[in-house]
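1. okay, sequence plus prediction incoming.
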Amino acid sequence: MPLLLSVLGALVILLGLIEVFHTLLHPSGRGRLSRLCVAAVWRIMRRLGDKGAGIAGPLALVCVIVFWAALQALGWALMLYPHVPQGFTYSPGLDPSRYGDAAEAFYISMVTLTTLGYGDVIATDPLAAFLKEEFTQDGESTQEIFRSYASDHRYPYREGT
């Protein structure tokens, strides 16, 4: 089961990276899943009339970025799940048995993706530590991709308007 979860996690991460590649770097500039996300936002916002149309673009951008982050977080959570809780040391006062292993793996994944690293959960298992270090690098790269994608899609500043 741990191997299956790790392989599934790696596939989800790969799917997310391929989606980012096709959206940002491929000449067509369109990832299939990102396009579906934008289309769903547009359909919902169109029902609101002019007010919805005015915020559809920025909202779609945020939804695509959140979608990419969710794919990365889910993939890494699946890879970390077999190591929770035995592969980690918890700060005093934290009882890992109070939380489900899946929730804990997702928490570790999100904290690592955002590179906040609270320090309340530290990887002690060598493989978990390696995965967490790789995920930190992935988190930093993902944040940089998000920033470049968002800055490419903002309105240019025009003086006097």
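-> Happy to help now that I have it.

2. pull out the buried residues from the helix of greatest length in the chain.
-> When the chain is parsed with DSSP state H, its longest helix is helix 50-80. Buried residues in helix 50-80, defined by neighbour count with 16 or more other Cβ atoms under 10 Å: 52, 56, 59-61, 64-65, 67-69, 71-80. Any C-beta I mention is one placed from the backbone N, CA and C, and that applies to glycine too.

3. and the helix or strand that that helix is followed by, how far out from the chain middle?
-> Next along the chain after helix 50-80, taking DSSP states H and E as the criterion, comes strand 88-90. Its chain's C-alpha centre and that of strand 88-90 lie 23 Å apart, by Cα atoms, centre = their mean, to the nearest Å.

4. list of residues touching strand 88-90?
-> 96, 108, 120-125, 128 (Cβ atoms under 8 Å, 6 or more residues apart in numbering).

5. wait, Trp67 touches Gly31, no?
-> No, residue 67 isn't Trp; it's Phe. No. Phe67 lies out of contact with Gly31 (Cβ atoms under 8 Å); the separation is 9.5 Å.

6. any idea which residue sits dead centre in the protein?
-> Ala69 (1.6 Å; Cα atoms, centre = their mean).

7. now do the helix or strand bottoming out on mean pLDDT in the chain: which elements does it pack against?
-> Lowest by mean pLDDT, DSSP states H and E among the helices and strands of the chain is helix 126-152, with a mean of 74. Applying 3 or more Cβ pairs under 8 Å, 6 or more residues apart in numbering; DSSP states H and E, one finds that helix 126-152 contacts helix 2-24, helix 50-80, helix 101-113, strand 121-123.

8. for Glu140, find the nearest of these.
-> helix 101-113 (9.5 Å; Cβ to Cβ).

9. elements contacting the closest one?
-> helix 50-80, strand 121-123, helix 126-152.

10. residues making contact with it?
-> Counting by Cβ under 8 Å, 6+ apart, 69, 72-74, 76-78, 80-81, 84-85, 88, 96, 99, 117-118, 121, 132, 135-136, 138-139, 142 sit against helix 101-113.

11. repeat the analysis, applying 7 Å as the threshold.
-> 69, 72-73, 76-77, 80-81, 84-85, 96, 117-118, 121, 132, 135-136, 139, 142 (Cβ atoms under 7 Å, 6 or more residues apart in numbering).

12. so for that helix, mean pLDDT?
-> Per-residue pLDDT over helix 101-113 has a mean of 86.
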